[in-house]
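> got a predicted structure here, sequence first:
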Amino acid sequence: MEIIRDDLQGPEIQGLLQEHLDDMYATSPADSVHALDLTGLQKPDITFWSAWIEGELAGCVALKVLDGQHGEIKSMRTAISARGKGIAKQLVVHLCEAAKQEGFNRLSLETGTEAFFHPARTLYQGFGFVECPPFADYTLDPNSVFMTKQL
């Protein structure tokens, strides 16, 4: 698998991100969806990567800078055709290493409470993420789980 910095211009990544947004809005109340659209992901405080296997898009992940030592995982998604192949695990490893190289000592994330998000919560727990209070601009929300990890 090759993980590359992505400019979000390709139709494959745009399609995967639209699929991600569609799932988020189908699963959670609209005011509890914190997924970013293309415009939100193209801001200077976000680095975005896509993962490819033999020319096929396998997944994506983004790192948002919250401050000089704290980053947030955004837009983690595995393509349906690539599920069950360990893509998400490789993306988390890549993101943690990139965050360390940037000088971060903490990574946090927000995910949903619904059963749909159980695999994501399990993945992050496996990497040592633990539940925490809301961070950055988030507020308590019964549809959100906040997690963090010291790097």
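Sure, I can see it. Numbers count the residues shown, from 1 in each chain.
> got a pLDDT number for the residue at the greatest distance from the centre of the chain?
Distance from the centre of the chain peaks at Glu54, with 22.5 Å (CA atoms, centre = their mean). At Glu54, the model reports a pLDDT of 95.
> please apply the same query to Gly68.
Reported pLDDT for Gly68: 87.
> wasn't Ser75 part of a strand?
Yes - applying DSSP: H, G, I helix; E, B strand; the rest coil, one finds Ser75 inside a strand.
> and the longest helix belonging to the chain, what other elements does it pack with?
What stands out as the longest helix in the chain, according to DSSP state H, is helix 11-27. The contact analysis (3 or more CB pairs under 8 Å, 6 or more residues apart in numbering; DSSP states H and E) places helix 11-27 against helix 38-41, strand 56-67, strand 70-78. C-betas here are computed from N, CA, C, even on glycine.
> could I get the ones you listed as JSON lines with distance to Gly103 and mean neighbour count?
Shown next, in JSON lines, are those (distance: least, CB to CB, whole Å; neighbours: other CB atoms under 10 Å):
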{"stretch": "helix 38-41", "distance to Gly103": "22", "mean neighbour count": "14"}
{"stretch": "strand 56-67", "distance to Gly103": "10", "mean neighbour count": "20"}
{"stretch": "strand 70-78", "distance to Gly103": "10", "mean neighbour count": "24"}
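> turn those into CSV, including distance to Thr139.
Shown next, in CSV, are the helices and strands packed on helix 11-27 (distance: least, CB to CB, whole Å):
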stretch, distance to Thr139
helix 38-41, 18
strand 56-67, 15
strand 70-78, 15
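> out of these, which comes closest to Leu123?
Taking CB to CB, strand 70-78 is the member of the helices and strands packed on helix 11-27 nearest to Leu123, at 8.5 Å.
> keeping just the C-alphas, turn that closest one into PDB.
Taking C-alpha atoms only, strand 70-78 is exported to PDB below (Å, rounded to 0.1, in the frame of the first residue of the first chain):
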ATOM      1  CA  HIS A  70      -2.200  18.700  19.600                       C
ATOM      2  CA  GLY A  71      -3.700  17.300  16.500                       C
ATOM      3  CA  GLU A  72      -7.100  15.900  15.500                       C
ATOM      4  CA  ILE A  73      -7.900  12.900  13.300                       C
ATOM      5  CA  LYS A  74     -10.400  13.800  10.600                       C
ATOM      6  CA  SER A  75     -11.900  12.000   7.600                       C
ATOM      7  CA  MET A  76     -10.800   8.500   8.400                       C
ATOM      8  CA  ARG A  77     -12.400   6.200   5.800                       C
ATOM      9  CA  THR A  78     -11.700   2.900   4.200                       C
END
